[in-house]
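**Student:** return atomic coordinates for the entry below.
(one chain, ligands or ions: 1)
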Amino acid sequence: MTDSAAGQASHESSRRTETAIEAVALCKSFKTPVAAKGRFSGIRSMFSREYTVKEAVTDIGFTVEKGDFVGYIGPNGAGKSTTIKMLTGILHPSSGSVKLAGIDPHRDRTKCASKLGVVFGQRSQLWWDLPVKDSYDILAHMYGVEEKDKLRRLPQFDELLALGEFWDTPVRKLSLGQRMRADIAAAMLHDPDLLFLDEPTIGLDVNAKRNIRGFLKILNEEFGKTILLTTHDMDDIEQLCRRVMVIGGGQLTYDGTIEGPRREIGLPTEIKITYQGRYELPDEWNAEDAAQGPADLFVRVDEAGPAGAAGGEPPTLSSASGVIGRAELPRMRIVSRGERTLTVEVNRQEVRTMDALRELGRWGEIDDVEMREPDFEEIIRRVYG
Ligand SMILES: Nc1ncnc2c1ncn2[C@@H]1O[C@H](COP(=O)(O)OP(=O)(O)OP(=O)(O)O)[C@@H](O)[C@H]1O
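**Tutor:** As a prediction, this is how the structure comes out:
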């Protein structure tokens, strides 16, 4: 092997090890026998040759780099849990392949298990009748965690997740929030690099959610763990994930930054201005339009600099009724008016906030500005279609 070939091979192998999850053309279909009707239907169903086929996941492919925190979201029945089960080796794909840090979780389950932590919010991996600490002893033994490592890690988890308060309590007596904390610590006891979480905050109150999100953030940011998170809670996604994948009807419909859908859907940002005194709408504005409710104003964006700057023409406005009629110009929309307050919507794909504020500043002395970004949940609802 030449030096450059060796270098390339070593680069290739280091690149490969940086890929935490690789899913290629994953498909899963479920075959369910058609229920027979009439007499002896139960027995006849057992021997039925008729099936319905449900394509739960169709041709899903993606890679996740080491250290990423990825949200995997979609409506009920979209195929999220089925994907997670295929990724973690619980379900065999009908076709396609999975590699976790270069290892096939279906061929090499034991090797993969040491690199992988899994939390299913709806199900516990702890022993129901045993005290929490006994479950950790069993798990440490199963995963071959050395005693000294277990004794080092558990106090760290205790500090972050307050496990001590239910250490000796049987799992069946834990509250949902306590059980979830105990389960996440259990998934991390063998210090895996990769963590799969399927609805870890389901049914939790605000404090419990905050606690768990804080722990996951630390795992990702300070310990470099790669995390794939499935959730219906869009606050989880907004607060934790840099990237989001959306699945609908078994297929990936979006894969990118969490800002992407915000930009693509283009819901307006609301700006509420409080003026120091009364403000004056420009002459071109038709006061009747404003009185009748929402109406459009077109804003000319002055690329040369702030309005009134030397050489820069002041921006001009026109009303939707078309006094100037520059419909091709970016616009903002007045949604409500008070004596000293004015609320407008701007689509940030079209108008920069600074341009909008500059315009609004021409109408009176601004005392206060409040901005409300479009609701992420609403945006995702639209992505789901
Ligand atoms: N074992 C199974 N046998 C037959 N159909 C199944 C099986 N498991 C899942 N499905 C079907 O596959 C589709 C995807 O299910 P999956 O549980 O992956 O969805 P999900 O996105 O996780 O939904 P949710 O958000 O409700 O948990 C659904 O239509 C479901 O009914």
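
**Student:** going forward, measure contacts between C-alpha atoms and count neighbours the same way
**Tutor:** Fine.

**Student:** next one: the strand or helix carrying Y136 to chain centre, how far?
**Tutor:** Taking DSSP states H and E as the criterion, Y136 maps to helix 132-142. On the basis of CA atoms, centre = their mean, to the nearest Å, helix 132-142 sits 31 Å off its chain's mean C-alpha point.

**Student:** could you check the angle helix 132-142 makes with whichever helix or strand comes after that helix?
**Tutor:** Downstream of helix 132-142, the next assigned helix or strand under DSSP H and E is helix 147-161. For helix 147-161 against helix 132-142, the angle by axes from the mean of the first three to the mean of the last three CA atoms, to 10 degrees is 140 degrees.

**Student:** what's helix 147-161 packed up against?
**Tutor:** helix 176-188, helix 206-221 (3 or more CA pairs under 8 Å, 6 or more residues apart in numbering; DSSP states H and E).

**Student:** quick one on the thing from earlier: please identify the buried residues of the helix holding Y136?
**Tutor:** 132-136, 139-140 (16 or more other CA atoms under 10 Å).

**Student:** for these, give me JSON lines that also has pLDDT and distance to E50.
**Tutor:** Listed next are the buried residues of helix 132-142 as JSON lines, based on pLDDT from 0 to 100; distance: CA to CA, whole Å:
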{"residue": "V132", "pLDDT": "94", "distance to E50": "46"}
{"residue": "K133", "pLDDT": "93", "distance to E50": "49"}
{"residue": "D134", "pLDDT": "94", "distance to E50": "47"}
{"residue": "S135", "pLDDT": "94", "distance to E50": "44"}
{"residue": "Y136", "pLDDT": "94", "distance to E50": "46"}
{"residue": "L139", "pLDDT": "94", "distance to E50": "42"}
{"residue": "A140", "pLDDT": "94", "distance to E50": "46"}
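
**Student:** any chance of those residues in JSON lines, plus distance to F157?
**Tutor:** Shown next, in JSON lines, are these (distance: CA to CA, whole Å):
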{"residue": "V132", "distance to F157": "13"}
{"residue": "K133", "distance to F157": "12"}
{"residue": "D134", "distance to F157": "16"}
{"residue": "S135", "distance to F157": "15"}
{"residue": "Y136", "distance to F157": "12"}
{"residue": "L139", "distance to F157": "15"}
{"residue": "A140", "distance to F157": "14"}
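
**Student:** the nearest residue to S94 once chain neighbours are set aside in helix, strand or coil?
**Tutor:** Of all residues not flanking S94 in the chain, K28 sits nearest, at 4.8 Å (CA to CA, 6 or more residues apart in numbering). Classification of K28 by DSSP: H, G, I helix; E, B strand; the rest coil places it in strand.

**Student:** for K28, give the beta-bridge partners.
**Tutor:** Per DSSP bridges, the residues bridged to K28 are V57.

**Student:** contacts only, for the most centrally placed residue in the chain.
**Tutor:** Against the mean C-alpha coordinate of the chain, by CA atoms, centre = their mean, the closest residue is I237 at 3.1 Å. Neighbouring residues of I237 by CA atoms under 8 Å, 6 or more residues apart in numbering: 71, 231, 244.

**Student:** good, we can wrap up now.
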